[in-house]
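>>> Provided below are the primary sequence and the corresponding predicted coordinates.
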Amino acid sequence: MTIRHHPTDESLMRLAAGSLPAGPAMVVATHLAGCPQCRERVAEFEALGGILLEESAPVPMAPDAFAAALRAIDAEETRAAAGKTARPAAKPRAGRAPATLPGGIPLPEPLRDCEIGPWRWIGIGVRASAVKMPDDPEARLTLLRVGPGRKLPEHGHFGTEFTQILVGSFTDEFGRYMPGDLTEMNHDIEHQPIVDPDGECICLAALEGGMRMTGPFGRLIQPFVRL
Amino acid sequence: MTHVMQEGGPPDGAQLARMIVRIAVERDRQAFAALYSHFAPRVTAFLRKSGLPPNMAEEIAQDVMLTVWRKAEQFDPARAGASTWIFTIARNLRIDHLRRVRVATSAEQVEPEEIETAPSGEALMLASERESTVRAALAALSDEQAMVLRLSFFGDKPHSEIARELGLPLGTVKSRVRLALGRLRALLEGET
């Protein structure tokens, strides 16, 4: 699989810095799962984080801070010696069968712990499913399933929309997007992606910032994506 | 007992990495003390720069150091240097903290996730090699570009904060961030 469309360096930097919101961060993580080149870029930005940490002018801690840290360690080791774990073990995930995409295609690895909502009809040839992240139930993340030759829901943006193609392909003014590709569409552009005629397209989308929906499809999807 | 700190000057990356390994292998509290005195004040400063109030920055820095103690055996010097590894812990704990604050004010409390401390780096490039490449690229940027890069790394709303800090229009800042990142990319890829 040749990946032609990648996240911007700015988004990769913000992911590494921890300032990309949870929804877009998950879309970018789904891209990273299939893109060693972007994983290396994120590693470079993490190294930049290490350098910036190293060069930060030290701020003195409270006088008893280190003693408090040692007390916390002692307390943990006492508990551990008494046969209890220092921290409760992570709850096992609910015993759901692993979700798949339509057609039995496995979910991308980063999405495996997410709750995938029912597919809802939001327009002719367009269905959407809300994705709930276990760590961040408030994050807005949507799977879209759009039939061949259909337009993706039409909207103008206020923020940036992150879209990762999982299955199929679509084309817009800027090119053709295939599985593994990620597009970032900015607010100043009204773009109109159309799914290629050879099959349906499934993609994962999240928005940073608000979105103003236009057109009948937009109005239909509006309440669904909770904007 | 080996010397954890060399006289004069802060410990270098290799010494810091050895301290973490000694915590992992021997639960060496002397190594932890040296690591704490180097990193806790820097992590606090770093978290303040990223917008946390001072008391919260110190509290999370304390958590970062306890996480270093608990998870020292996950540290792999081939994947990331000491500073990079500790940076990723601080980043993750900051995200957890901000999420808890947000969730507590809206819906029910969510248990914090068991944090994943492995940085993204793979064995594609040795951590030390990657870090020296990034360090050299940062040093080769113009002062203005390096500043734009630092500000956009720390900011939660990068462009608007930089615009305020530099007294520039938002559109100008956006293009400067793009230019600085483009220049960094060119330097990292060995172009000049």
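Structure's in. What do you need?
>>> Find the helix or strand that the residue at minimal distance from the centre of chain A is a member of.
Among the residues of chain A, the one closest to the centroid is residue A:26, at 1.7 Å (Cα atoms, centre = their mean). Assigned by DSSP states H and E, residue A:26 belongs to helix A:22-33.
>>> can you list the domains in chain B?
B:13-122, B:141-192 (automatic domain parsing).
>>> Deepest-packed of the ones you listed, please.
Highest mean neighbour count of the domains of chain B: domain B:13-122, a mean of 19 (counted as mean count of other Cβ atoms under 10 Å in any protein chain shown). In this view, the C-beta of every residue, glycine as well, is placed from N, C-alpha and C.
>>> Does residue B:182 touch residue B:137 like I think?
No: Residue B:182 is beyond contact range of residue B:137, at 11.9 Å (criterion: Cβ atoms under 8 Å).
>>> and stretch A:127-136, anywhere near chain B?
Yes: judged by Cβ under 8 Å from any Cβ of the partner chain, stretch A:127-136 and chain B are in contact via A:134-136.
>>> for stretch A:197-206, same thing?
No: counting by Cβ under 8 Å from any Cβ, no contacts exist between stretch A:197-206 and chain B, the nearest distance being 15.7 Å.
>>> Which of the residues in that stretch are classified as buried?
A:200-206 (16 or more other Cβ atoms under 10 Å in any protein chain shown).
>>> Can you tell me which of these comes closest to chain B?
Taking Cβ to the nearest Cβ as the measure, chain B lies nearest residue A:206 of the buried residues of stretch A:197-206, at 15.7 Å.
>>> can I get the CA coordinates of the helix or strand where that closest one lies in CSV?
If you go by DSSP H and E, residue A:206 is part of strand A:201-208. Output of strand A:201-208 as CSV, limited to C-alpha atoms (Å, rounded to 0.1, in the frame of the first residue of the first chain):
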residue,chain,number,x,y,z
CYS,A,201,-15.8,4.1,0.8
ILE,A,202,-15.4,3.8,4.6
CYS,A,203,-13.5,6.5,6.4
LEU,A,204,-12.9,7.7,9.9
ALA,A,205,-13.4,11.5,10.5
ALA,A,206,-13.0,13.9,13.3
LEU,A,207,-13.2,17.7,13.4
GLU,A,208,-11.2,20.2,15.3
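>>> hey, C-alpha coordinates of stretch A:18-33 in PDB?
The C-alpha atoms that make up stretch A:18-33 are tabulated as PDB, following Å, rounded to 0.1, in the frame of the first residue of the first chain:
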ATOM      1  CA  GLY A  18      -0.100  16.200  23.300                       C
ATOM      2  CA  SER A  19      -2.000  19.200  22.100                       C
ATOM      3  CA  LEU A  20      -4.100  17.600  19.300                       C
ATOM      4  CA  PRO A  21      -7.600  17.000  20.600                       C
ATOM      5  CA  ALA A  22      -8.600  13.300  21.200                       C
ATOM      6  CA  GLY A  23     -10.800  12.900  18.100                       C
ATOM      7  CA  PRO A  24      -8.200  14.200  15.500                       C
ATOM      8  CA  ALA A  25      -5.500  12.400  17.600                       C
ATOM      9  CA  MET A  26      -7.300   9.100  17.000                       C
ATOM     10  CA  VAL A  27      -7.600   9.700  13.300                       C
ATOM     11  CA  VAL A  28      -3.900  10.500  13.100                       C
ATOM     12  CA  ALA A  29      -3.100   7.400  15.200                       C
ATOM     13  CA  THR A  30      -5.000   5.300  12.700                       C
ATOM     14  CA  HIS A  31      -2.900   6.700  10.000                       C
ATOM     15  CA  LEU A  32       0.300   6.100  12.000                       C
ATOM     16  CA  ALA A  33      -0.600   2.400  12.400                       C
END
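>>> and residue B:40, how far is that from residue A:102?
According to Cβ to Cβ, to the nearest Å, residue B:40 stands 50 Å off from residue A:102.
>>> swap in residue B:164?
47 Å.
>>> same thing with residue B:100?
For residue B:100, the distance to residue A:102 - Cβ to Cβ - is 35 Å.
>>> How many residues are close by residue 135?
Answering for chain A, as no chain was given. For residue A:135, the count of nearby residues is 17 (other Cβ atoms under 10 Å in any protein chain shown).
>>> meant chain B actually
Around residue B:135 there are 16 residues (other Cβ under 10 Å).
>>> I figured it hits residue A:51, correct?
Yes: contact criterion Cβ under 8 Å: residue B:135 and residue A:51 qualify, at 5.7 Å.
>>> next SSE after the least confident helix or strand in chain B by mean pLDDT?
Every helix and strand of chain B was ranked by mean pLDDT, DSSP states H and E. The lowest is helix B:158-166, at a mean of 77. Sequence order places helix B:170-188 as the next helix or strand after helix B:158-166, per DSSP H and E.
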